[in-house]
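Enquirer: When you get a sec, could you give me coordinates for this:
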Amino acid sequence: MSARQRASALLLASRKNERILPALELWPDSHLETLLSRRPSLAAQFGLR
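Expert: Numbering: from 1, shown residues only. Have a look, this model is predicted:
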């Protein structure tokens, strides 16, 4: 994730507190990798590594 994308994600997450957008939970890449390792069929279905 680039610095610009990270800044945009943080802005969106902060707006959830204002109830402008649905709640967002930011995960580190390692968390997503762990979740995908538990569901290899999902990773394969969407071409994820």
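Enquirer: And the helix or strand of the chain with the lowest mean pLDDT, what does it pack against?
Expert: When each helix and strand of the chain is scored by mean pLDDT, DSSP states H and E, helix 3-16 comes last, with a mean of 79. Helices and strands touching helix 3-16, by 3 or more CB pairs under 8 Å, 6 or more residues apart in numbering; DSSP states H and E: there are none. Every residue, glycine included, has its C-beta placed from N, CA and C.
Enquirer: C-alpha coordinates for that helix, PDB please?
Expert: Coordinates of each C-alpha in helix 3-16 appear next as PDB, following Å, rounded to 0.1, in the frame of the first residue of the first chain:
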ATOM      1  CA  ALA A   3       1.600   6.300   1.400                       C
ATOM      2  CA  ARG A   4      -1.200   8.000  -0.400                       C
ATOM      3  CA  GLN A   5      -3.500   4.900  -0.200                       C
ATOM      4  CA  ARG A   6      -2.600   4.600   3.500                       C
ATOM      5  CA  ALA A   7      -3.500   8.200   4.100                       C
ATOM      6  CA  SER A   8      -6.800   7.800   2.200                       C
ATOM      7  CA  ALA A   9      -7.600   4.600   4.300                       C
ATOM      8  CA  LEU A  10      -6.900   6.400   7.500                       C
ATOM      9  CA  LEU A  11      -9.200   9.300   6.500                       C
ATOM     10  CA  LEU A  12     -12.000   6.900   5.700                       C
ATOM     11  CA  ALA A  13     -11.500   5.100   9.000                       C
ATOM     12  CA  SER A  14     -11.600   8.400  10.900                       C
ATOM     13  CA  ARG A  15     -14.800   9.400   9.200                       C
ATOM     14  CA  LYS A  16     -16.500   6.400  10.600                       C
END
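Enquirer: Where does pLDDT dip in this structure?
Expert: 16-24 (pLDDT under 70).
Enquirer: Might one say that Met1 is in contact with Ala9?
Expert: Yes: taking CB atoms under 8 Å as the definition, Met1 is a contact partner of Ala9 at 7.4 Å.
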